[in-house]
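Asker: structure for this input, please:
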Amino acid sequence: MPPVRAVVLSLAAALGVAATASLGFWQWGRGQQRTALGQAIEQKRNLPPLDAAALLGFSERAPLIHQPVRLRGEWIADRTVFLDNRQMAGRQGFYVVTPLRLEGRPEAILVQRGWAPRDFAKRDALPVIPTPGGSVEVLGRLAPPPAKLYAFERKETGPIRQNLDLAAFRAETGLPLLEVSVQQTGESSDGLDRRWPQPASGAEKNFGYAFQWWALSALIAALYVWFQFIQPRRAARAR
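Answerer: Modelled structure (predicted):
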């Protein structure tokens with residue numbers, strides 16, 4: 001093989017091996033980061049539940065996401081919102097969200113109470129969700145406000161909505177809503193299913209991609225060795 005061609009092939013093989021190996025290590029690092037994040041979430045889930053006083057004692061509440069809470073207060077039933085096109089256990093329906101005014105406090109917090117089926121024959125029909133009056137205790141986990149689905153840019157009002165924008169809902173209701181919400185946990189009750197989807201770390205995908213890149217790196221190296229060294233020597237011996 002001409003020297004120039006051999007140099008070019010060697011450089012190309014070296015670059016290919018280096019690039020694919022680097023991508024493999026990058027994916028491996030991402031997998032480790034996601035594994036660590038999943039472990040941190042699990043640790044938070046196992047912490048003792050916060051009460052209202054402890055929750056309100058934090059100026060920044062976003063870092064408390066996933067931590068258990070035990071809150072007492074009163075449902076603001078007339079502000080219940082039914083978020084449409086939400087799935088649970090493979091079924092379409094509503095996420096039922098009701099503000100809870102914290103006991104002895106002016107603040108309120110959105111509670112994602114659970115999932116309810118919808119009547120697809122009557123699109124404007126609401127499921128009957130018992131909402132007790134007076135003081136209630138809510139067990140759950142702190143969560144971001146309900147995830148938003150795609151929707152046209154328009155102001156949503158009424159009990160059935162595609163999304164619930166926290167700032168807009170705060171302005172609409174005049175309620176001093178906290179910037180986090182609660183996903184209520186526990187056994188299904190009030191006609192609501194609470195088998196919330198669990199967050200997956202996705203680390204397995206990253207580790208799988210890492211092995212794929214490393215396999216490609218090894219293949220490039222093996223092909224280079226075969227065609228540059230082994231195959232020419234075998235051909236020379238056969239002459």
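
Asker: what is the longest strand along the chain packed up against?
Answerer: Longest strand of the chain, by residue count under DSSP state E: strand 91-102. Helices and strands touching strand 91-102, by 3 or more C-beta pairs under 8 Å, 6 or more residues apart in numbering; DSSP states H and E, are strand 68-75, strand 81-88, strand 108-117, strand 177-184. Just so you know, the C-beta spots here come from the backbone N, C-alpha and C atoms, and that holds for glycine as well.

Asker: make sure R195 is indeed in a strand.
Answerer: No - secondary structure of R195 (DSSP: H, G, I helix; E, B strand; the rest coil): coil, not part of a strand.

Asker: surely it meets G90?
Answerer: No - the pair R195 and G90 does not pass the contact test of C-beta atoms under 8 Å, sitting 10.5 Å apart.

Asker: residue with max distance from the center of this protein?
Answerer: Of all residues in the chain, R239 has its C-alpha farthest from the mean position, at 63.9 Å, by C-alpha atoms, centre = their mean.

Asker: okay, that one: pLDDT?
Answerer: pLDDT for R239: 71.

Asker: so which helix or strand takes in the most centrally placed residue in the chain?
Answerer: Residue closest to the mean C-alpha point of the chain, counted by C-alpha atoms, centre = their mean, is P199 at 5.0 Å. For P199, there is no helix or strand it lies in under DSSP states H and E.

Asker: OK, contacts around it?
Answerer: Applying C-beta atoms under 8 Å, 6 or more residues apart in numbering to P199 gives the contacts G38, I41.

Asker: skipping adjacent residues, who's closest to D193 in space?
Answerer: The shortest distance from D193 to any non-neighbouring residue, by C-beta to C-beta, 6 or more residues apart in numbering, is to W115 (4.5 Å).

Asker: my read: that neighbour touches V97, true?
Answerer: No - counting by C-beta under 8 Å, V97 is not a contact partner of W115; they are 10.9 Å apart.

Asker: related to what we said a few turns ago, the helices and strands packed on strand 91-102 into a markdown table, with extra columns for distance to P49?
Answerer: Output for the helices and strands packed on strand 91-102, formatted as a markdown table (distance: least, C-beta to C-beta, whole Å):
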| stretch | distance to P49 |
| --- | --- |
| strand 68-75 | 4 |
| strand 81-88 | 23 |
| strand 108-117 | 14 |
| strand 177-184 | 11 |
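
Asker: among those, which comes closest to E42?
Answerer: With distances scored as C-beta to C-beta, the stretch of the helices and strands packed on strand 91-102 nearest to E42 is strand 68-75 (12.1 Å).
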